[in-house]
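Enquirer: structure for the following, please:
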Amino acid sequence: MKHRRMFVTAAAICSIMIAAACSSTNAGSSGSSTAESSTAESSAAGSTASPAESSAASSGTPASEASSSAAGSTAAGSDAADPNLLKGKTVWYADVTDANPLVQAIAQALNDRLTANGATMIRSFAMNTTTGQLDLGVQAEAVNRGIAAKPSAIAYFVVDPKSMKPQIERARKSGIPVYAAFGKPDGFDVDAYITLNDEQQGYLSAKYLADHLPKGAKVAVISGPPTPNVNAEMVGANKALAEAGVTLVGDENQQRNLTDNAAGGQQIMQGILQREPDVQGVFSYNDDSALGAIAAAKAAGKTVLFTSRNGTKDAVAAIKGGSLLATCDIDPIALGHELGQAIVDKLAGRSDLPVNAQLPAPDTSDCLITSDNVASWKPYEEQIHYQDIKTG
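Expert: Alright, predicted model coming up:
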């Protein structure tokens, strides 16, 4: 099957989730990956023995503070760690990028749960190092490498619900359980999948923006790669903005940040300001894009209100500094832990989940981080210990 070349977040999501920031990411290289936070608004970011295996209540507690992973709820599993439970087993995670802090946090949380139970995680990426964009062909190659390594399980970041069918079917036919992250596959089976509360999160963040603008105010949106999670988020955001009676300006499809980083968000915002110099508010699908857009507005001497989604350290710093109104913390640590626990339970023989089971996502009805509650937010890196993760 020939895979079409395609860009994406994470996050997608993303994010999550990279032009300059990802230009050094080699999806086929070996080594180790560690999480690194981007630098505030000026940042470009914004098996065996085989070698492989938050409502808009602004006064509420951010998801990262109130997070309680449902990891122990999968089947008969428990989140009590046993460092010898999966000793010698490997899990291959076909991720998208290591440059997006949200995507990084999810991977670190997944690894945290797996290693706590004795397993080893290997992480691959799907960035085309020539274009700096996510590439389905690169991801397919990474999954193929994962299958060849004969891990105990494979998890992969869903970029396109219909992609990876040959790879996933081959893996499961060979007895490797497969888990889909942040999207439900279309046309083929997986052992289980997990999704984000994308529409709700987009709605809450965009509503908070509209609540701080006069009715009829001009508002633009910065969208991202057309992944299922980004599209769902934008459905929620557009619904909130329409209900608020603001005036949407610009074309969402022409305002997609396909690089998924701050530099791309800055470039899109420059275009918005050229076409709509009196724009009053902007909803951005992710934090990095919002930070880039903020930089563009500042450079142009414009006062614009911004909200976004993800809940990264740099976005929190921008809220504290007054340049970002709010972000929605999607609680990536709980997401990664939930996915990891499902895999642990499967490999430990204590899972009775049916095929294509949907894993519970963390509650994000109180996801908004604002000036009212920003002091209680805890960075991802302080919620769990970040480790070096082998890449393959």
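Enquirer: any idea how this protein splits into domains?
Expert: The record, using automatic domain parsing to delimit domains, assigns the chain the ranges 11-53+66-197+331-362+383-391, 198-329.
Enquirer: I'd like those as CSV, with distance to Val374, mean neighbour count and mean pLDDT appended.
Expert: Just so you know, the C-beta spots here come from the backbone N, C-alpha and C atoms, and that holds for glycine as well. Formatted as CSV, these follow (distance: least, Cβ to Cβ, whole Å; neighbours: other Cβ atoms under 10 Å; pLDDT from 0 to 100):
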stretch, distance to Val374, mean neighbour count, mean pLDDT
domain 11-53+66-197+331-362+383-391, 14, 22, 80
domain 198-329, 5, 23, 96
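Enquirer: these: which one's closest to Ala375?
Expert: Taking Cβ to Cβ as the measure, those were each checked against Ala375, and domain 198-329 came out nearest at 8.3 Å.
Enquirer: out of the domains of the chain, nearest to Ser371?
Expert: Among these, the nearest to Ser371 by Cβ to Cβ is domain 198-329 (6.1 Å).
Enquirer: quick one: which of the domains of the chain is nearest Thr370?
Expert: If you check each of these against Thr370 by Cβ to Cβ, domain 198-329 wins as the nearest, at 4.6 Å.
Enquirer: end-to-end on that closest one?
Expert: Using Cα to Cα, to the nearest Å, one end of domain 198-329 lies 11 Å from the other.
Enquirer: same deal with stretch 319-339?
Expert: In terms of Cα to Cα, the two terminal residues of stretch 319-339 are separated by 30 Å.
Enquirer: swap in stretch 242-254?
Expert: End-to-end distance for stretch 242-254: 19 Å, by Cα to Cα.
Enquirer: from the chain's centroid, how far away is that stretch?
Expert: How far stretch 242-254 lies from its chain's middle: 24 Å, per Cα atoms, centre = their mean, to the nearest Å.
Enquirer: returning to that earlier point: Asn373: which of the domains of the chain is closest?
Expert: Among those, the nearest to Asn373 by Cβ to Cβ is domain 198-329 (9.6 Å).
Enquirer: picking up where we left off before, need the domains of the chain in JSON lines with distance to Asp372, can you?
Expert: What follows is the domains of the chain, written out as JSON lines (distance: least, Cβ to Cβ, whole Å):
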{"stretch": "domain 11-53+66-197+331-362+383-391", "distance to Asp372": "15"}
{"stretch": "domain 198-329", "distance to Asp372": "9"}
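Enquirer: compare the ones you listed and report which one is nearest to Trp377.
Expert: In this view, the domains of the chain are compared for proximity to Trp377 by Cβ to Cβ, and domain 198-329 is the closest at 5.4 Å.
Enquirer: quick one: the helices in the stretch 101-250 of the chain?
Expert: Defined through DSSP state H, counting those that start in this stretch, the helices belonging to the stretch 101-250 of the chain, from first to last, are 101-116, 136-148, 165-173, 198-211, 228-244.
Enquirer: which SSE is Thr259 in?
Expert: When elements are defined using DSSP states H and E, Thr259 is found to belong to no helix and no strand.
Enquirer: Thr131 is in contact with that one, correct?
Expert: No. The pair formed by Thr259 and Thr131 falls short of the contact definition of Cβ atoms under 8 Å, at 9.3 Å.
Enquirer: out of the helices of the stretch 101-250 of the chain, which is closest to Ala155?
Expert: Judged by Cβ to Cβ, the one of the helices of the stretch 101-250 of the chain that comes nearest to Ala155 is helix 101-116, at 7.0 Å.
Enquirer: strands along the stretch 201-350 of the chain, start to end?
Expert: For the stretch 201-350 of the chain, applying DSSP state E, counting those that start in this stretch gives strands covering 218-222, 247-248, 281-284, 305-310, 326-329.
Enquirer: may I see these arranged in JSON lines, with distance to Tyr386 as well?
Expert: As requested, the strands of the stretch 201-350 of the chain are arranged in JSON lines below (distance: least, Cβ to Cβ, whole Å):
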{"stretch": "strand 218-222", "distance to Tyr386": "28"}
{"stretch": "strand 247-248", "distance to Tyr386": "39"}
{"stretch": "strand 281-284", "distance to Tyr386": "26"}
{"stretch": "strand 305-310", "distance to Tyr386": "17"}
{"stretch": "strand 326-329", "distance to Tyr386": "18"}
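Enquirer: closest one to Met269 among the helices of the stretch 101-250 of the chain?
Expert: Ranking those by distance to Met269, with Cβ to Cβ as the measure, places helix 198-211 first at 14.8 Å.
Enquirer: could you list every helix and strand in contact with that closest one?
Expert: Under the contact criterion of 3 or more Cβ pairs under 8 Å, 6 or more residues apart in numbering; DSSP states H and E, the helices and strands touching helix 198-211 comprise strand 218-222, helix 228-244, strand 281-284, strand 305-310, strand 326-329, strand 368-369.
Enquirer: chain center to that helix: distance?
Expert: Using Cα atoms, centre = their mean, the offset of helix 198-211 from its chain centre is 17 Å.
Enquirer: wait, Leu273 sits on Ala297?
Expert: Yes. Applying Cβ under 8 Å as the test, Leu273 and Ala297 come out as touching, 6.9 Å apart.
Enquirer: hmm, back to that, out of the helices of the stretch 101-250 of the chain, nearest to Pro332?
Expert: Of those, the one closest to Pro332 (Cβ to Cβ) turns out to be helix 101-116, at 3.9 Å.
Enquirer: returning to that earlier point: of the helices of the stretch 101-250 of the chain, which is nearest Thr327?
Expert: Each of the helices of the stretch 101-250 of the chain has some distance to Thr327 by Cβ to Cβ; the shortest is helix 198-211, at 6.9 Å.
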